[in-house]
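>>> Could you work out the structure for the sequence below:
(chains A and B)
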Amino acid sequence: MPEKIDFSKIRFLICDPNALSLTMLGDILSMLGANYVRRVNDFEKAMGVLKEGNIDIVITEYDLPTEGGNKLCDYIRNDPASRDRLMPIIMLTARSEEQYVIEARDHGVNEFVAKPYTVDSLYKRLSSVIAYPRPFISAPGYFGPDRRRKQMPFNGKERRGVDPNAKPS
Amino acid sequence: MAKPKVQIIQPSLDLRKRAVNFKTGFGVILTPEETVKLQAVVEKSSDGFVRQIAAKLKQLREALGALDDGEAPHAGLIERVASDALEIKGLGGTFKFPLLTQIAKSLHDYAGQIKEANVWHGVIFAHHIDALYVVLAQRITGLGGKVEAELLKALRQASTKYK
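Numbers count the residues shown, from 1 in each chain, chains lettered A, B, ... in the order given. Got it, this is the predicted structure:
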């Protein structure tokens, strides 16, 4: 039997300065069954909602007056007052160029969706953060989801003390 | 000196435990029927999109029309053009107007690279805005045909020529 996601169990914060985008995203989430969706159009209001708590997933624009979506990510991931540093963040933005993707990734977003988007592409990202969450990395200068997406073959010299592929004796 | 400490933290499974089940909700992978349901939400917003973008384009055209002969667009107007173009770029394709997205991208890129404004910048803005309006008014969904491809090419060439 295939797995399902009951969106009524998840609380969303959606941030977008464009009223139509915000309404449409809210309507999509409602259609999915979400009944707790906080909608805000700027950074200050988003911060207010986050400080109240009761949010499970944030979906934000990059261009969020007055501070921007990345600053919101910084607060969630790095501020001592953050209620949940592991909270999934999806950046949904018209800034689709590579530099913005890299910037958002380095600020700790889990998923990046470029506008214009299809409902299918948005859903895949939503489904991924809920059903298949990635591990987090805490390193000097970075706290966020593991940025490595692929297992790449390594052809260099093995420098670790133990063979990682060795079977335990 | 000690190596900086890197820690791998196992993902929180709280949301998964709370929401993933075998009975209620949408499939982890959408079925075609579920996709149609969600697509209907987008289509419901389509009229609002056309109205909102048409109003924006009209206002931009008026603002450009208010410039005196030979007057270059001022910084505030350039910023507004760039911001509105980005918005249209982001929404067009979702509402099945990918051509609108492409023209808006051309306009956004053009407005974003202006260092010192001159009268030609206003002219190129106006051509882009007119083209966006026509696509919207004629409800040209998809990428259009040969004429639309030529139009886009011409706008890009003009943008390169009058930087």
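
>>> In chain A, what residue spans correspond to helices?
Taking DSSP state H, the helices of chain A run over residues A:19-32, A:43-52, A:69-78, A:98-106, A:119-131.

>>> Leaving out sequence neighbours, find the closest residue to residue 144.
Using chain A here. Once flanking residues are discounted, A:Gly144 sits nearest to A:Gly108: 2.8 Å by Cβ to Cβ, 6 or more residues apart in numbering or on different chains. From N, CA and C alone the C-beta is placed, and that goes for glycine too.

>>> oops, I was thinking of chain B
That would be B:Leu99: by Cβ to Cβ, 6+ apart, it lies 5.1 Å from B:Gly144.

>>> helix, strand or coil for that neighbour?
What DSSP: H, G, I helix; E, B strand; the rest coil gives for B:Leu99 is helix.

>>> what residues are up against it?
B:92, B:135, B:140, B:142-144, B:148, B:152 (Cβ atoms under 8 Å, 6 or more residues apart in numbering or on different chains).

>>> For B:Lys89, see how far away it is.
Distance, B:Leu99 to B:Lys89, using Cβ to Cβ, to the nearest Å: 11 Å.

>>> Check whether A:Ser8 really touches A:Ala34, as I assumed.
Yes: counting by Cβ atoms under 8 Å, A:Ser8 does reach A:Ala34; the two are 6.5 Å apart.

>>> mind listing what the closest residue to B:Ala40 other than its chain neighbours touches?
Spatially, and ignoring its direct neighbours in sequence, B:Ala40 is nearest to A:Met31 (7.9 Å; Cβ to Cβ, 6+ apart). Contact analysis of A:Met31 by Cβ under 8 Å, 6+ apart lists B:37-38, B:40-41.

>>> When you filter these down to buried only, what's left?
Listed as buried from the contacts of A:Met31 are B:38, B:41; burial here means 16 or more other Cβ atoms under 10 Å in any protein chain shown.

>>> Identify the single longest helix in chain B, thanks.
helix B:32-65.

>>> I'd like the next helix or strand past it.
helix B:75-92 (DSSP states H and E).

>>> Quick check: which helices or strands does the helix or strand bottoming out on mean pLDDT in chain B pack against?
Least confident helix or strand, chain B: helix B:146-161 with a mean of 86, by mean pLDDT, DSSP states H and E. When contacts are defined as 3 or more Cβ pairs under 8 Å, 6 or more residues apart in numbering or on different chains; DSSP states H and E, helix B:146-161 packs onto helix B:98-112, helix B:119-137.

>>> buried ones in that helix?
Residues B:148, B:151-152, B:155-156, B:158-159 are the ones in helix B:146-161 that count as buried (16+ other Cβ under 10 Å).

>>> Check those residues and tell me the two furthest apart.
B:Glu148 and B:Ser159 (16.6 Å; Cβ to Cβ).

>>> which ones are touching the residue nearest the centre of chain A?
For chain A, A:Ile89 is the residue whose C-alpha lies nearest the centre (Cα atoms, centre = their mean; 2.2 Å). A:Ile89 sits next to A:57-60, A:72-73, A:76, A:108-111 when contact means Cβ under 8 Å, 6+ apart.

>>> Recalculate using a threshold of 10 Å.
For A:Ile89, the contact set (Cβ atoms under 10 Å, 6 or more residues apart in numbering or on different chains) comprises A:13, A:57-60, A:69, A:72-73, A:76-77, A:104, A:107-112, A:129, A:144-145.

>>> mind showing which ranges of chain B have poor pLDDT?
Along chain B, segments meeting pLDDT under 70 span B:1.

>>> run the last query once more with 90
For chain B, residues meeting the criterion pLDDT under 90 lie at B:1-6, B:44-48, B:65, B:67-72, B:114-118, B:138-163.

>>> Chain A too?
Within chain A, the ranges that satisfy pLDDT under 90 run A:1, A:96, A:147-169.

>>> burial measure for residue 131, as a count.
As the question left the chain open, I've gone with chain A. For A:Ala131, the count of nearby residues is 17 (other Cβ atoms under 10 Å in any protein chain shown).

>>> The chain in question should be chain B.
If we define neighbours as other Cβ under 10 Å, then B:Ala131 has 21 of them.
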